[in-house]
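Colleague: no sequence on this one, just coordinates:
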């Protein structure tokens, strides 16, 4: 019996250790330094950028000659919220001829904005249990007929 309890105890300890290990996820197109350094302004074209960096995450709304590569790496531990480990935004702009004009590595220093989990109250709909239970009393007119079975 004690051997069985030891096995159960070891399994529980192992499960707890595994459950608390972080899960690392990559979102978007997180570029590496060597990839960005391979692109030279004034020399490479759109097709070269597509070959080296891949498809852009998005293009500028007002200027299709600006491509954005946005990526981040997050870490999740257990039931806690995701934590951003690294984030990178690379902006590649092209001339009208499709030649790389500039490559900009945008600073991604994040602001720590607290997440509010509370909900915005909707005024006028705050009914108590009793108001909900008795709310429909007197709202409906009784039929003019003498018996309620005449309706069916």
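Modeller: Now that the structure is in, tell me what you want to look at. Note that the structure is predicted; figures quoted are calculated from it, not measured. Numbering: from 1, shown residues only.

Colleague: what helix or strand does residue 36 sit in?
Modeller: Element membership of residue 36 [criterion: DSSP states H and E] is helix 33-38.

Colleague: state the mean pLDDT of that helix.
Modeller: Helix 33-38 carries an average pLDDT of 90.

Colleague: repeat for stretch 95-108
Modeller: 88.

Colleague: and it, which residues are buried?
Modeller: Residues of stretch 95-108 classed as buried by neighbour count (16 or more other C-beta atoms under 10 Å): 100, 103. For the C-beta atoms, the positions are set from N, CA and C on the backbone; glycine is no exception.

Colleague: same question for stretch 17-28.
Modeller: residue 28.

Colleague: chain center to it, what's the gap?
Modeller: Its chain's average C-alpha position is 15 Å from that of stretch 17-28, according to C-alpha atoms, centre = their mean, to the nearest Å.

Colleague: how long is it end to end?
Modeller: One end of stretch 17-28 sits 29 Å from the other (C-alpha to C-alpha, to the nearest Å).
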